[in-house]
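Peer 1: generate coordinates for the sequence data below:
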Amino acid sequence: MDCELIIGFEIHTELKTRTKIFCGCSTAFGSPPNTQVCPVCLGLPGSLPVLNRQALEFGIRTAIALECEIPERTAMDRKNYYYPDLPKNYQISQQYACLGRGGHIDIALPDGSTKRIRINNIHLEEDAGKLMHAEEPGSNHSVVDLNRAGTPLIEIVTEPDLRSLEEAQAFMQTMRSLLRCIDVSDCKMQEGSLRFEANISVRPRGSETLGPKVEIKNLNSTKTVLRCIEHEFARQSEMLETGERVLQETRLWDDVREQTVAMRSKEVANDYRYFPEPDLVPIRIPVAWREEVRAALPELPAVRRERFIREHGLPEYDAGILTIDRALADYFEAVVAGCGQPKLASNWIMTSVLSHLNERGIDIDEFRVPAAALAQLIGLIDEGVINSKIAKTVFEEMVATGEDPRRIVEAKGLMQITDTGAIEELVDRVIASNAEVAEQYRSGKDKAKGRLVGQVMKASRGKANPQLVNQLIDERLRG
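Peer 2: Next up, the predicted model:
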């Protein structure tokens, strides 16, 4: 059976407020278990919540960035369910008057096209705690850490508009980029501050009817999300082919066995017995406040990408990579401001800089080479002080020591040899000691030239001007 994959997402984003959504407890990550709690987030009798204004504003900022319709009045609701990491036995969330509805986000696909993914709603809520399961052989107990309980979240629910792994990957990357750009979350999936829960269904290709929706939890990285979607598509497709009924349920991803396992039947809104939160009054969001938040938004990634293409003449691919992260885009523009060479700046950042960041698992904010120093290095190449090969050596030294590139070049004697007489001597010596290769090039075998150039560069310890070397070899052997 030819099956079609249908994907929607529920994105849970922890907001980067200093305190929790309804109390003054810290939201700092990594503290000892159950040390960042109080009667409010523990759900003790008689405690009353007070809404964190910053969390609400972050939610409004996100709704505006996703072009949602924002109501003038919103309110909190109680979502009732029991789970060991939910100390109150209910979660304060939103169901009836969400912060935003009907927005969208555009994703760029590998073939150069774009696709619009609709946003069903965005709402504000509190996070639950964290269950930790004993891993010792024979242990059958779990413990709970409530430090995370009450951390402010926004949940973004998409429509089921995604149809492939490529689209899912582009969506996750684009959404993370947007949330980091507007500075509402650090989006560290490894710390749980960004969680993509996939809703997956499968139907015969050509059918207009959606199949039963399976929600997958416990996905802690984009790679895990993609592996899970691939597995679930195969599982549901096989069930359809054999006539087995796919159940609407919530499943967990088992990272060891690389498969999903049933958790519980999928609840609907009625199962949660939503009702208006009696301890919090409704909230007005005046137009003036919305416009104030809108005016404070930074340039969004999609707009910045188009500007990089238009103003800096970058290819779409380069512009897409450089605008994935706001800090990286800022770094690029600072380098360009210092050297005036957009494409060279892009090349260095996309190869040497990103390679260094990825190897060490760090962000551009932690990179040891300031934008002004990288701009100076590019300037040294442009001035002919060093060539590209030597520049890589200088870059490695800059990363290791934090030293200024010009100082490194002078201290290590790495200036490019541009003296024609000195290079002529090296070229003549190489041609004489590689007579057979020289004759091959003279007779029309162009590949032989590379061997001669390589020998000259080796003899000069990489400091000879490559363009001059090429020119002199041509003059000697092809006149």
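Peer 1: can you tell me the SS state at the residue of the chain positioned farthest from its centre?
Peer 2: No residue in the chain sits farther from the centre than residue 432, which is 54.5 Å out by CA atoms, centre = their mean. Put simply, residue 432 is helix when judged by DSSP: H, G, I helix; E, B strand; the rest coil.
Peer 1: return the residues in contact with the residue nearest to residue 20 when sequence neighbours are not counted.
Peer 2: Leaving aside its sequence neighbours, residue 20 sits nearest to residue 150 (CB to CB, 6 or more residues apart in numbering; 3.9 Å). No exception for glycine: its C-beta is placed from N, CA and C like everyone else's. For residue 150, the contacting residues are 20, 21, 22, 23, 25, 40, 41, 126, 127, by CB atoms under 8 Å, 6 or more residues apart in numbering.
Peer 1: list the contacts of the residue farthest from the centre of the chain.
Peer 2: With contact set as CB under 8 Å, 6+ apart, residue 432 has no partners.
Peer 1: ditto for residue 280
Peer 2: Contacts of residue 280 by CB under 8 Å, 6+ apart are 49, 51, 75, 76, 92.
Peer 1: try it again with 10 Å
Peer 2: The contact partners of residue 280, taken as CB atoms under 10 Å, 6 or more residues apart in numbering, are 22, 48, 49, 50, 51, 75, 76, 77, 78, 92.
Peer 1: what's opposite the last one in the beta bridge?
Peer 2: Counting by DSSP bridges, residue 92 forms beta bridges with residue 78.
Peer 1: returning to what we had before: relative to residue 455, how far out is the residue farthest from the centre of the chain?
Peer 2: For residue 432, the distance to residue 455 (CB to CB, to the nearest Å) stands at 11 Å.
Peer 1: so for residue 235, what's the pLDDT?
Peer 2: Looking at residue 235, its pLDDT stands at 95.
Peer 1: can I get the longest helix along the chain in PDB, CA atoms only?
Peer 2: Secondary structure of the chain read by DSSP state H shows that its longest helix is helix 222-241. In PDB, the C-alpha atoms belonging to helix 222-241 read as follows (Å, rounded to 0.1, in the frame of the first residue of the first chain):
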ATOM      1  CA  THR A 222      15.800  16.700  16.600                       C
ATOM      2  CA  LYS A 223      17.700  13.600  15.500                       C
ATOM      3  CA  THR A 224      15.500  11.500  17.900                       C
ATOM      4  CA  VAL A 225      12.400  13.200  16.600                       C
ATOM      5  CA  LEU A 226      13.300  12.200  13.000                       C
ATOM      6  CA  ARG A 227      14.200   8.600  14.000                       C
ATOM      7  CA  CYS A 228      10.900   8.400  15.800                       C
ATOM      8  CA  ILE A 229       8.800   9.700  12.900                       C
ATOM      9  CA  GLU A 230      10.600   7.300  10.500                       C
ATOM     10  CA  HIS A 231       9.800   4.300  12.800                       C
ATOM     11  CA  GLU A 232       6.200   5.300  13.500                       C
ATOM     12  CA  PHE A 233       5.500   5.800   9.800                       C
ATOM     13  CA  ALA A 234       6.800   2.200   9.100                       C
ATOM     14  CA  ARG A 235       4.800   0.800  12.100                       C
ATOM     15  CA  GLN A 236       1.500   2.400  11.100                       C
ATOM     16  CA  SER A 237       2.000   1.700   7.400                       C
ATOM     17  CA  GLU A 238       2.500  -2.000   8.100                       C
ATOM     18  CA  MET A 239      -0.700  -2.000  10.300                       C
ATOM     19  CA  LEU A 240      -2.700  -0.500   7.500                       C
ATOM     20  CA  GLU A 241      -1.400  -3.000   5.000                       C
END
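Peer 1: sort out which residues of it are buried, please.
Peer 2: 222, 224-229, 231-233, 235-237, 240 (16 or more other CB atoms under 10 Å).
Peer 1: a markdown table for those, including distance to residue 450?
Peer 2: Below are the buried residues of helix 222-241 laid out as a markdown table (distance: CB to CB, whole Å):
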| residue | distance to residue 450 |
| --- | --- |
| 222 | 40 |
| 224 | 44 |
| 225 | 45 |
| 226 | 41 |
| 227 | 43 |
| 228 | 47 |
| 229 | 45 |
| 231 | 47 |
| 232 | 50 |
| 233 | 47 |
| 235 | 52 |
| 236 | 54 |
| 237 | 51 |
| 240 | 56 |
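Peer 1: in the stretch 51-200 of the chain, which spans are helices?
Peer 2: Counting by DSSP state H, counting those that start in this stretch, one finds helices in the stretch 51-200 of the chain at the ranges 53-65, 165-181.
Peer 1: what separates the nearest residue to residue 332 once chain neighbours are set aside from residue 338, distance-wise?
Peer 2: Using CB to CB, 6+ apart and skipping the chain neighbours, the partner closest in space to residue 332 is residue 322 (5.0 Å). In this view, residue 322 and residue 338 are 16 Å apart by CB to CB.
Peer 1: about what we covered before: narrow the contacts of residue 280 to those in strands?
Peer 2: 77, 78, 92 (DSSP state E).
Peer 1: so the last one makes contact with residue 126?
Peer 2: Read it as residue 92. Yes: when contacts are counted by CB atoms under 10 Å, residue 92 is listed as touching residue 126 (5.2 Å).
Peer 1: circling back: nearest to residue 273, of the helices of the stretch 51-200 of the chain?
Peer 2: helix 53-65 (23.8 Å; CB to CB).
Peer 1: so which bits of that closest one are buried?
Peer 2: 54, 55, 56, 57, 58, 59, 60, 61, 62, 63, 64, 65.
Peer 1: work out the gap between it and the centre of the chain.
Peer 2: 20 Å (CA atoms, centre = their mean, to the nearest Å).
Peer 1: what packs against that helix?
Peer 2: strand 3-14, strand 73-74, strand 100-108, strand 114-126, strand 152-158, helix 165-181, helix 287-296 (3 or more CB pairs under 10 Å, 6 or more residues apart in numbering; DSSP states H and E).
Peer 1: so which of the ones you listed is the most packed in?
Peer 2: Among those, strand 152-158 has the highest mean neighbour count (mean count of other CB atoms under 10 Å), at a mean of 24.
Peer 1: measure how it sits relative to helix 165-181, angle-wise.
Peer 2: Angle, strand 152-158 to helix 165-181, by axes from the mean of the first three to the mean of the last three CA atoms, to 10 degrees: 150 degrees.
Peer 1: tell me what strand 152-158 is packed against?
Peer 2: Against strand 152-158 (3+ CB pairs under 10 Å, 6+ apart) you get strand 3-14, helix 53-65, strand 90-93, strand 100-108, strand 114-126, helix 165-181, strand 194-204.
Peer 1: residue 219 against residue 198, yeah?
Peer 2: Yes: in this structure, residue 219 is within contact of residue 198 by CB under 10 Å, at 6.8 Å.
Peer 1: confidence score at residue 267?
Peer 2: For residue 267, pLDDT reads 67.
Peer 1: and residue 219 and residue 198? Which one has more around it.
Peer 2: Legend: neighbour count by other CB atoms under 10 Å for residue 219 and residue 198, higher for residue 198 (24 against 21).
Peer 1: and the closest residue to the more buried one other than its chain neighbours, what does it touch?
Peer 2: The shortest distance from residue 198 to any non-neighbouring residue, by CB to CB, 6+ apart, is to residue 216 (4.9 Å). Residue 216 makes contact with 196-200, 224-225, 228-229, 231-232, 249-253, 260, 263 under the criterion CB under 10 Å, 6+ apart.
Peer 1: buried set for the helix or strand following the longest helix of the chain?
Peer 2: Using DSSP states H and E, the helix or strand that follows helix 222-241 in sequence is strand 249-254. Neighbour-count burial for strand 249-254 flags 249, 250, 251, 252, 253 (criterion: 16+ other CB under 10 Å).
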